[in-house]
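Asks: sharing a model that was predicted from the sequence below.
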Amino acid sequence: MKPMPRLLPFISAFWTCLLVALVLTGSSACLGQQAPPPLRVAIVGLAHGHVEGFLSALPKHTDVELVGIADSDPALFAKYQKKYSLAETLFYRSEANMIEKTHPQAVLVYTSIGEHRHAIEIAAQYGVSVMVEKPLTISLADALAIRETARKYKIHVLVNYETTWYSSNKAAYDEVEQGRLGAIRRVVIHDGHQGPKEIGVPPEFLSWLTDPAQNGAGALYDFGCYGVDLMTWLMRGETPLTVTAVVNHDKPQLYPSVDDDATIVLQYPHAQAVIQGSWNWPFSRKDMEVYGATGYAITVGPDKVRLRHEHDSEEQTSTAAPLSESQSNSLNYLAAVLRGQSDPKGDLTALDTNVIVMQILDAARESARTGKSVKLTKVGE
């Protein structure tokens with residue numbers, strides 16, 4: 001049956017619109033589909049200085065809506081309210097009250113590390129997923145309790161590390177996965193800066209960073225966690241055979257209660273990792289060296305990588321390919337996970353990865369205390 005002549009212009013216009021939408025934008029705007037509504041997120045705690053990174057980036061994320069901020073200290077909220085022009089109506093003293101009133105889809109936790117478990121347990125009771133700043137918590141016992149809570153209430157618990165969003169780390173990982181370096185033999189990871197006091201972190205941040213009850217340790221946890229997370233990812237969640245750690249107190253006048261320099265050695269059946277986290281570097285750094293049986297990859301900052309493969313006469317430095325949009329930053333990643341577009345299992349942010357991270361950090365703290373290596377076995381599922 002042929003279309004009536006008077007309908008031909010409309011049919012032609014429809015197919016033209018559809019073709020333009022599919023070719024130029026990849027969308028289906030002509031069919032009436034709309035972008036998903038903004039992801040509703042809330043902040044729990046303002047004592048972690050990394051909250052400034054979120055607040056400063058928020059205007060660029062039109063797909064994210066901040067619906068509430070919970071903190072017991074009104075003065076701390078007033079500080080950020082003034083700096084970032086936040087509405088007074090965002091502020092709540094209680095996490096539970098805020099969740100009941102604002103119904104977020106996820107909470108972003110910026111408390112001390114020692115308060116992570118409590119914040120997660122409150123959110124879980126409302127079925128709200130959580131992203132915390134690194135590391136997951138302060139002990140393996142807490143990590144296992146968090147895992148149980150996440151399973152019971154069927155929520156996501158994710159851990160935000162700055163280095164997760166480094167395309168250089170993904171490039172090194174891909175070199176390993178594609179077999180271009182051969183089997184991993186040695187990994188050396190450096191993370192840290194001159195020290196929290198030296199770089200001028202806010203007083204509310206410094207007070208708990210230097211309290212082992214709230215931070216777990218000093219540089220051992222604060223910067224050792226990055227390398228432990230990366231190595232666990234590179235090793236596809238394999239548990240090391242032993243953990244050995246040495247810590248220094250090079251600046252006891254500044255940090256009397258916690259270490260300010262740490263070295264963690266992880267021994268695997270056929271590989272070794274040396275993780276150096278410090279508050280004593282002459283400048284800030286986050287870099288990694290991955291040595292395989294037939295080549296190496298050395299990351300340089302967020303997006304550069306030095307590579308040398310078998311039969312290469314010299315190394316080459318290249319710019320890593322950009323990460324996919326959903327993997328490029330914490331908020332995009334969170335949205336992709338909550339919308340079922342990304343499965344975090346085995347990722348740098350994932351709970352299963354970070355339970356192993358906490359097992360290793362807990363063992364490192366014990367090794368540093370006793371001066372002995374700690375043997376590990378796989379954590380039960």
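Replies: Everything's here; your move. Because the structure is a prediction, the values reported are computed rather than measured. Numbers count the residues shown, from 1 in each chain.
Asks: which residues touch L55?
Replies: By C-beta atoms under 8 Å, 6 or more residues apart in numbering, the contact list for L55 reads Y80, K83, Y84, L86. In short, each C-beta sits where N, CA and C put it, glycine included.
Asks: ramachandran angles for the last one?
Replies: Here is the backbone geometry of L86 (degrees, to the nearest 10): phi -90, psi 140.
Asks: ok, the nearest residue to L58 once chain neighbours are set aside to T89 distance?
Replies: Spatial nearest neighbour of L58, chain neighbours left out: L66 (6.1 Å); criterion: C-beta to C-beta, 6 or more residues apart in numbering. Separation of L66 from T89 (C-beta to C-beta, to the nearest Å): 11 Å.
Asks: look at the two and report which has more neighbours.
Replies: More neighbours surround L66 than the other of L66 and T89, with 21 against 10 (other C-beta atoms under 10 Å).
Asks: how about the secondary structure of that one?
Replies: Secondary structure, DSSP: H, G, I helix; E, B strand; the rest coil: L66 is strand.
Asks: confirm for me that it is in contact with F91.
Replies: No. Between L66 and F91 there is no contact under C-beta atoms under 8 Å: 11.5 Å.
Asks: phi first, then psi, for N160.
Replies: phi -90, psi 110.
Asks: can you report how many residues neighbour the nearest residue to it once chain neighbours are set aside?
Replies: Nearest residue to N160, sequence neighbours excluded (C-beta to C-beta, 6+ apart): S330, at 4.7 Å. S330: 22 surrounding residues under other C-beta under 10 Å.
Asks: please apply the same query to G179.
Replies: 11.
Asks: how near is it to S129?
Replies: The value you get for G179 to S129, if C-beta to C-beta is used, is 35 Å.
Asks: for P302, give me its contacts.
Replies: P302 neighbours (C-beta under 8 Å, 6+ apart): W165, Y166, S167, S168.
Asks: okay, and which of these map to helices?
Replies: Taking DSSP state H as the definition of helices, the contacts of P302 contribute S167, S168.
Asks: starting at the chain centroid, how far to the one helix or strand L55 maps to?
Replies: Using DSSP states H and E, L55 falls within helix 51-57. Put simply, helix 51-57 sits 15 Å off its chain's centre (C-alpha atoms, centre = their mean, to the nearest Å).
Asks: in that helix, which residues are buried?
Replies: Neighbour-count burial for helix 51-57 flags V51, E52, G53, F54, L55 (criterion: 16 or more other C-beta atoms under 10 Å).
Asks: also stretch 168-177?
Replies: Buried residues in stretch 168-177 (16+ other C-beta under 10 Å): S168, N169, K170, A171, A172, Y173, E175, V176.
Asks: go on, stretch 88-103?
Replies: Within stretch 88-103, judged by 16+ other C-beta under 10 Å, the buried ones are L90, F91, Y92, E95, M98, I99, T102.
Asks: can I get the helix or strand where N354 lies in PDB, CA atoms only?
Replies: If you go by DSSP H and E, N354 is part of helix 351-370. What follows is helix 351-370 as a C-alpha-only set of coordinates in PDB (Å, rounded to 0.1, in the frame of the first residue of the first chain):
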ATOM      1  CA  LEU A 351      33.700  -3.200  47.800                       C
ATOM      2  CA  ASP A 352      35.100  -6.700  47.100                       C
ATOM      3  CA  THR A 353      38.500  -5.100  46.100                       C
ATOM      4  CA  ASN A 354      38.500  -2.800  49.100                       C
ATOM      5  CA  VAL A 355      37.800  -5.600  51.700                       C
ATOM      6  CA  ILE A 356      41.100  -7.100  50.500                       C
ATOM      7  CA  VAL A 357      42.700  -3.600  50.700                       C
ATOM      8  CA  MET A 358      41.600  -3.400  54.300                       C
ATOM      9  CA  GLN A 359      42.900  -6.900  55.100                       C
ATOM     10  CA  ILE A 360      46.300  -5.800  53.700                       C
ATOM     11  CA  LEU A 361      46.400  -2.400  55.500                       C
ATOM     12  CA  ASP A 362      45.300  -4.100  58.800                       C
ATOM     13  CA  ALA A 363      48.100  -6.600  58.400                       C
ATOM     14  CA  ALA A 364      50.600  -3.800  57.500                       C
ATOM     15  CA  ARG A 365      49.700  -1.900  60.700                       C
ATOM     16  CA  GLU A 366      50.300  -5.100  62.700                       C
ATOM     17  CA  SER A 367      53.600  -5.800  60.900                       C
ATOM     18  CA  ALA A 368      54.800  -2.300  61.700                       C
ATOM     19  CA  ARG A 369      53.800  -2.700  65.300                       C
ATOM     20  CA  THR A 370      55.500  -6.100  65.800                       C
END
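Asks: give me the low-pLDDT residue ranges for the stretch 251-381 of the chain?
Replies: Within the stretch 251-381 of the chain, no range satisfies pLDDT under 70.
Asks: all the helices of it, in order from the start?
Replies: In the stretch 251-381 of the chain, the helices defined using DSSP state H, counting those that start in this stretch lie at 330-338, 351-370.
Asks: out of the ones you listed, flag the one nearest A145.
Replies: The closest of the helices of the stretch 251-381 of the chain to A145 is helix 351-370. By C-beta to C-beta, the value is 10.5 Å.
Asks: what about the helix or strand harbouring S207, average pLDDT?
Replies: Assigned by DSSP H and E, S207 falls within helix 203-209. Mean pLDDT, helix 203-209: 98.
Asks: that older thread, wait, what's in contact with the residue nearest to L58?
Replies: Neighbours of L66 in contact, by C-beta under 8 Å, 6+ apart: V41, A42, I43, L58, L90.
Asks: tell me how many other residues crowd the first one.
Replies: Spelled out, that is V41. 26.
Asks: residues touching it, list them.
Replies: V64, E65, L66, V67, P104, Q105, A106, V107, L108, L331, L334.
Asks: separation between the spatially most central residue of the chain and A75?
Replies: Nearest to the mean C-alpha position of the chain, counting by C-alpha atoms, centre = their mean, stands N160 at 2.1 Å. Relative to A75, N160 is positioned 26 Å away (C-beta to C-beta).
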